[in-house]
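Visitor: generate coordinates for the sequence data below:
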Amino acid sequence: MLIGAAILALLPDQHRLLVRYPVTLKLNHLGSSGLPSTAASQCSKLLSCLSDGGWLAGEWYSFSPECTALMRPAGPIRSHTLLLGDSVDRYLVDDFCSGLNSSTSNSSLAKLYDWTDGVFFYKTGASAAAVCDVIQANASVGSLAFVHLYGSQPHGPYLHGHVNNAQDPYTDTALRIPKALEQYQRRFQRLPDLIVYQAALWDVVKLEMPANLNLTAPLLETYVSDVRQTVANLTERYPGATLMLRTTPGLVGAAYLSQGRALHMYNAALRHVARERGLVLLDWAAMNSGIADFLRDRMHPDAKHSRFFANVIVSVADHCTQ
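Guide: Numbers count the residues shown, from 1 in each chain. Predicted coordinates:
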């Protein structure tokens, strides 16, 4: 049976998640000189914490005090992370930075700026990249950066009409990701410790443009193939960075995000690829039952919950990379 047909068969009409498998870990640059045993133990514990808890009265409740501590950075950020995603990831960066600057216990300066110097745009006049750069003693000690992608497919769709033109010559995903890593290395003189990749919202948009399509097994197969290719490119070209996938929570309200079943299926496909490749998975969708209560605009998580997931990602980078 084709993978797409198999995954479709697993999902009931009410979109329940049938299986939540244990998070597995494969760090691209771990070897004989990898994490010390104590750090590796902390990393393993943190990853298990991601599937051991839930939302209670608007707060994430962990069944272990150790998990509560591990799921947020312990002290100043000490890692560098790049999010390859969409506007949800932009809010993660923005809210993480504002949280650092509003904390009375934080002695660091968090600077928010476009780290690509205008190489990428989302629409006219709107940058498609941002970084929260944490500065101590005039030096960058850690960062959380973002660049906007247009989904997993090699070409389009592009809501604002520009396709590899003078305004944004790197709209295609196959061009955008390597250009982003090139810019990252130029700006920070290093690769990120952690790369987080997700592709769902703009792939849902693809079903709506130019016509309202229903997700089929062949279309899902194409999505899986595109994600596999991106994962292969990232792991082969940037072996010094750790790759993590993440799912997308069920968002409500936007007309072109009416394809709820498709979003659930794309998340199921990302879980499949994570299992297949032995990659770390942040299953944001599974963690976010009741997400509609936590949205700022019926589409993007509010600042509190956006900051929570940014902290989780930074903690994974701090604990699970060299």
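
Visitor: for the chain, what's the longest strand?
Guide: Taking residue count as the measure and DSSP state E as the definition, the longest strand of the chain comes out as strand 139-148.

Visitor: what sits up against the next helix or strand after that one?
Guide: Downstream of strand 139-148, the first helix or strand assigned by DSSP states H and E is helix 173-188. Where contact means CB atoms under 8 Å, 6 or more residues apart in numbering, the residues beyond helix 173-188 that reach it are 80, 82, 84, 115-117, 119-120, 129, 140, 143, 145, 147, 149-154, 164, 169-170, 191-192, 226, 230, 233-234, 237-238. Backbone N, C-alpha and C define where each C-beta goes, glycine included.

Visitor: between helix 173-188 and strand 139-148, how big is the angle?
Guide: Following axes from the mean of the first three to the mean of the last three CA atoms, to 10 degrees, one obtains 160 degrees for the angle between helix 173-188 and strand 139-148.

Visitor: mind checking the SS state of V119?
Guide: Classification of V119 by DSSP: H, G, I helix; E, B strand; the rest coil places it in coil.

Visitor: that one reaches Y170, doesn't it?
Guide: Yes. Taking contacts as CB atoms under 8 Å, V119 lies within contact range of Y170: 7.1 Å.

Visitor: okay, E66 and L243: tell me how far apart.
Guide: In this structure, E66 and L243 are separated by 26 Å, where distance is defined by CB to CB, to the nearest Å.

Visitor: pretty sure L47 contacts V312?
Guide: No. At 10.4 Å, L47 does not count as touching V312 under the criterion of CB under 8 Å.

Visitor: tell me, how many residues neighbour D297?
Guide: 11 (other CB atoms under 10 Å).

Visitor: send me the helix or strand where A40 lies as PDB with only the CA atoms.
Guide: Secondary-structure assignment from DSSP H and E places A40 in helix 37-49. Extracted in PDB, the C-alpha atoms of helix 37-49 (Å, rounded to 0.1, in the frame of the first residue of the first chain):
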ATOM      1  CA  SER A  37      26.800  10.900  29.700                       C
ATOM      2  CA  THR A  38      25.200  13.400  32.200                       C
ATOM      3  CA  ALA A  39      24.200  15.800  29.400                       C
ATOM      4  CA  ALA A  40      22.900  12.900  27.200                       C
ATOM      5  CA  SER A  41      20.800  11.700  30.100                       C
ATOM      6  CA  GLN A  42      19.300  15.200  30.500                       C
ATOM      7  CA  CYS A  43      18.600  15.400  26.800                       C
ATOM      8  CA  SER A  44      16.900  12.000  26.800                       C
ATOM      9  CA  LYS A  45      14.700  13.000  29.700                       C
ATOM     10  CA  LEU A  46      13.800  16.300  28.100                       C
ATOM     11  CA  LEU A  47      12.600  14.600  24.900                       C
ATOM     12  CA  SER A  48      10.500  12.200  26.900                       C
ATOM     13  CA  CYS A  49       9.000  15.200  28.700                       C
END
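
Visitor: please begin residue numbering at 838 from this point
Guide: Fine by me, first position is 838 from now on; the one you just mentioned is helix 874-886.

Visitor: who touches the helix or strand following it?
Guide: With elements assigned by DSSP H and E, the helix or strand that comes after helix 874-886 is strand 890-893. Residues from elsewhere that reach strand 890-893 (CB under 8 Å, 6+ apart): 897-900, 904, 1124-1127, 1131.

Visitor: pull out the buried residues from those residues.
Guide: Taking 16 or more other CB atoms under 10 Å as the criterion, what is buried in the contacts of strand 890-893 is 897, 899, 904, 1124-1125, 1131.

Visitor: can you name the two of these that sit furthest apart?
Guide: With CB to CB as the measure, no two of the buried ones among the contacts of strand 890-893 lie farther apart than C904 and F1131, at 19.8 Å.

Visitor: circling back: other SSEs contacting the helix holding A877?
Guide: Counting contacts by 3 or more CB pairs under 8 Å, 6 or more residues apart in numbering; DSSP states H and E, the secondary-structure elements packed against helix 874-886 are helix 902-907, helix 1140-1157.

Visitor: those: which one's closest to C934?
Guide: Nearest to C934, of all these, is helix 1140-1157, at 8.9 Å by CB to CB.

Visitor: how many neighbours does the closest residue in space to D1040 that isn't next to it in sequence have?
Guide: Using CB to CB, 6 or more residues apart in numbering and skipping residues adjacent in sequence, the residue nearest D1040 is G988, 4.3 Å away. As a burial measure, G988 scores 25 neighbours (other CB under 10 Å).

Visitor: ok, and for the longest helix along the chain, which residues are buried?
Guide: For the chain, the longest helix by residue count, based on DSSP state H, is helix 1054-1074. Along helix 1054-1074, the positions that meet the burial threshold by neighbour count (16+ other CB under 10 Å) are 1054, 1056-1061, 1063-1065, 1067-1068, 1071-1072.
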